[in-house]
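Chemist: Next come a sequence and a model predicted from it.
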Amino acid sequence: MLKIQDDAYLKRTLKFLFTTLLIFLITLILAIIFSPSIETLKSATESTHNSVDKARGLQKVWEYILNNGFKVPFQMLILTIIPIPFLYYLNIIKTTVPLGIAFDFVLHFDLYKGSMMIIASTPHSIVEILGFCFIASALFKVNQSIIRKINNIFRKSKKQNLSIKLAILNLLKIYLLIALPLIIIAAFMETYLTDLLLNLLT
C-alpha cells in the first residue's frame, strides 16, 4: 500500500537536485561578479525569513516547518494545476537564488567567517532542497497527467491518458513519507546544528 508506483521518481528527483545546485552555483558566481547590494539581499529573503527571525528554539523549528513543509508545497501544488510544465519549480528557484546571493554577501563581508557560515549552512540547505526536489518530482507526474488530459480534448488522435488519481496518490506518499520528514529534519538542523557548527568553526 505504501509502495510508490512510479519507478522514475528518484531519478527525476536527482535531476531536479542537479538543476537546482547548478542554478545555485550560477547565482553565486553572478553575485560574486556583480556584488548585489544589501537591499537586494533583504528584498530577496524578506518574505521567507520575516517571521522566522523573531522565533527561537522549537518555535523557530515550527516556523520553518510551517513555511517549508506546508506553505511552499501548497504553493507548488497550486502552480501544478496550471497546465504549464515546470511552473511549480519556480518555488525552488525562489529558495535557491536568495541563498546564492546570501552566500556571496557573507563572503564579501568577511572571507573567513563567511566561508565558515557557508560550511555550517550547507548541510541543512541540501536536505531542505532535496525535500523540495522530491515534491517537484511527484508534482511532475500530476502536472503531466493534467496536460495530457487537456491536450487530448483537442487532439484527433488521442494519446493514452495518465492517471491523475495515481499521480496524486504517489504525490501524497512521497510528500508524507519522504519530503516532509526531510524538511522537518532540515528545520531542526537549521535551528540547532548550524549554530553548533558555526561555534565550532569560529
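Modeler: That came in fine, so what should we check first? Numbering: from 1, shown residues only.
Chemist: The helix or strand harbouring residue 127: what's the following helix or strand?
Modeler: Using DSSP states H and E, residue 127 sits within helix 111-154. Next helix or strand after helix 111-154 toward the C-terminus (DSSP H and E): helix 164-174.
Chemist: That next one - what's its average pLDDT?
Modeler: For helix 164-174, mean pLDDT rounds to 96.
Chemist: now that helix against helix 111-154, angle please.
Modeler: Using axes from the mean of the first three to the mean of the last three Cα atoms, to 10 degrees, the inter-axis angle of helix 164-174 relative to helix 111-154 is 160 degrees.
Chemist: Any buried residues in helix 164-174, and which?
Modeler: Across helix 164-174, burial judged by 16 or more other Cβ atoms under 10 Å covers 167, 168, 169, 170, 171, 173, 174. (C-beta placed from N, C-alpha, C; glycine too.)
Chemist: So which other helices or strands are in contact with the helix holding residue 127?
Modeler: helix 9-34, helix 72-81, helix 90-109, helix 164-174, helix 180-188, helix 194-201 (3 or more Cβ pairs under 8 Å, 6 or more residues apart in numbering; DSSP states H and E).
Chemist: most tightly surrounded among those helices?
Modeler: helix 180-188 (a mean of 20; mean count of other Cβ atoms under 10 Å).
Chemist: Dump that helix to PDB, restricted to CA.
Modeler: C-alpha atoms of helix 180-188 as PDB (Å, rounded to 0.1, in the frame of the first residue of the first chain):
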ATOM      1  CA  LEU A 180       8.100  16.200   4.800                       C
ATOM      2  CA  PRO A 181      10.400  14.200   7.100                       C
ATOM      3  CA  LEU A 182      13.400  15.700   5.200                       C
ATOM      4  CA  ILE A 183      12.000  19.200   5.600                       C
ATOM      5  CA  ILE A 184      11.400  18.600   9.400                       C
ATOM      6  CA  ILE A 185      15.000  17.300   9.700                       C
ATOM      7  CA  ALA A 186      16.200  20.400   7.900                       C
ATOM      8  CA  ALA A 187      14.300  22.600  10.200                       C
ATOM      9  CA  PHE A 188      16.000  21.100  13.300                       C
END
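Chemist: between that helix and helix 111-154, how many degrees?
Modeler: Using the same axes, to 10 degrees: helix 180-188 against helix 111-154 is 160 degrees.
Chemist: Does helix 180-188 pack against any helices or strands, and if so which?
Modeler: helix 57-64, helix 111-154.
Chemist: Give the buried residues for the shortest one.
Modeler: In terms of neighbour count (16+ other Cβ under 10 Å), helix 57-64 has its buried residues at 60, 61, 63, 64.
Chemist: Kindly report the same for stretch 106-126.
Modeler: 106, 107, 114, 116, 117, 118, 120, 121, 123, 124, 125, 126.
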